[in-house]
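Please find the sequence and the predicted model below.
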Amino acid sequence: FCLFIGMSVKSILIFFVIYFLISIAIGRIRAELGSPVHDLHFSGPGRMMVACLGSKRFSSVDLTIISLFWYFNRAYRSHPMPCVLEGFKLGERIEISPFQMSAYVLSAVVFGSICGFWAHLHSAYNHGYAGRLWPAYETFNRLTSWLTIPTENIFPYASAFCFGGMLAGVLSSLRWNFIWFPLSPVGFVVSSSWAMNPFWFSIFLSWAIKALILKYGGLGLYRRTTPLFLGLVLGEFVADSIISITGTIWKVPTYIWYG
């Protein structure tokens, strides 16, 4: 697709290598820490490419196509990688083969895409989209600045990327070699996410409860109480789903849950 619409091979390779590395990292974040937030706003491949190499190194076609890909690179809060990874893990536990899971996932992608297109058009035609144009402003205002004021590599950004990578590597090494080391490289990465604002206290509270249970009740109490907390999570999402579905059917405004 990218070649067909005129994007250079160099830009395609750089863009998608960075994108898939980010995807793997997000999957690792969910698998290692279980973090519910990993939006990583404004840190996608396009931002990295222009910040580190400068917009002068890319053609106007490359920059335009990079801007078109803003819809799946603005943030990664709903990235499919960790969701699919968790689905395969659940399938493994109930003895569903990877082939079957792959078929289910692909079927869900097709069905979800059709539903998404319909929902978008239905909402636009019935409610209007005059107040929903800010994503286009974000990406194409940025494109305008890239094209009208071409830049060389932006040293502070490139330095920040290098420093962040080295710090994450140091934290990872310390975590690997010293089991008592309390700081996680995953925590360093997700702490800059916008979604951490509404979630941080819930995460802190769950960490504190877990620490108290392990300290005063040991592994046995931890295992006995695990179903209780899993039930709390499941109950929240079931209640949220029922309220959302009910509101949709009867067209009643409902509370938005950050669950």
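Structure's in. What do you need?

residues making contact with the lowest-mean-pLDDT helix or strand in the chain?
Sorting the helices and strands of the chain by mean pLDDT, DSSP states H and E puts helix 185-190 at the bottom, at a mean of 85. Applying C-beta atoms under 8 Å, 6 or more residues apart in numbering, the contact partners of helix 185-190 are 25, 29, 32-33, 35, 37-38, 40, 167-169, 171-172, 175, 196. The C-beta positions use only the backbone N, C-alpha and C, and glycine is treated the same way.

if you set the cut-off to 7 Å instead, what comes out?
Here helix 185-190 makes contact (C-beta atoms under 7 Å, 6 or more residues apart in numbering) with 29, 32, 33, 35, 37, 38, 167, 168, 171, 172, 175, 196.

measure the residue nearest to the third one when sequence neighbours are not counted to residue 165 for me?
It stands for residue 33. Spatial nearest neighbour of residue 33, excluding adjacent residues (C-beta to C-beta, 6 or more residues apart in numbering): residue 186 at 4.3 Å. The gap separating residue 186 from residue 165 is 14 Å, by C-beta to C-beta, to the nearest Å.

So if I had to pick from these two, which one is more boxed in?
residue 186 (22 against 10; other C-beta atoms under 10 Å).

Need the three-state assignment for residue 74.
Counting by DSSP: H, G, I helix; E, B strand; the rest coil, the backbone at residue 74 sits in coil.

Can you give me the pLDDT of it?
You'll see residue 74 listed with a pLDDT of 90.

which residues sit in contact with it?
Counted by C-beta under 7 Å, 6+ apart, residue 74 has contacts residue 135.

Try it again at 10 Å.
39, 40, 41, 42, 43, 44, 46, 47, 135, 138, 139 (C-beta atoms under 10 Å, 6 or more residues apart in numbering).

Only whichever of the contacts of helix 185-190 are buried, select them in ChimeraX.
The ChimeraX command for the buried members of those (criterion: 16 or more other C-beta atoms under 10 Å) is given here:
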select :29,33,35,37,38,168,171,175,196
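
What residue spans form the domains of this protein?
Domain assignment for the chain by automatic domain parsing gives 9-94+133-194, 197-259.

Make a markdown table out of these and add distance to residue 104.
Below are the domains of the chain laid out as a markdown table (distance: least, C-beta to C-beta, whole Å):
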| stretch | distance to residue 104 |
| --- | --- |
| domain 9-94+133-194 | 8 |
| domain 197-259 | 20 |
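
if you compare those domains, which one is most tucked away?
domain 9-94+133-194 (a mean of 15; mean count of other C-beta atoms under 10 Å).

first to last residue in it, what's the distance?
Terminal residues of domain 9-94+133-194 are spaced 33 Å apart (C-alpha to C-alpha, to the nearest Å).

picking that back up, redo the contacts of residue 74 as CSV? Include pLDDT, distance to residue 80 and secondary structure.
Listed next are the contacts of residue 74 as CSV, based on pLDDT from 0 to 100; distance: C-beta to C-beta, whole Å; DSSP: H, G, I helix; E, B strand; the rest coil:
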residue, pLDDT, distance to residue 80, secondary structure
39, 87, 14, coil
40, 86, 15, coil
41, 85, 18, coil
42, 85, 20, coil
43, 85, 18, coil
44, 89, 15, coil
46, 91, 19, helix
47, 88, 21, helix
135, 80, 19, helix
138, 88, 22, helix
139, 90, 21, helix
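
Just the closest of those to residue 19, please.
Nearest to residue 19 among the contacts of residue 74: residue 44, at 7.2 Å, using C-beta to C-beta.

measure the closest one to residue 127 for me?
Distance, residue 44 to residue 127, using C-beta to C-beta: 29 Å.

try residue 22
When residue 22 is compared with residue 127 (using C-beta to C-beta), they lie 33 Å apart.

sorry, back to before: select, out of the domains of the chain, the one closest to residue 120.
Using C-beta to C-beta as the measure, domain 9-94+133-194 is the one of those that comes nearest residue 120, at 11.3 Å.
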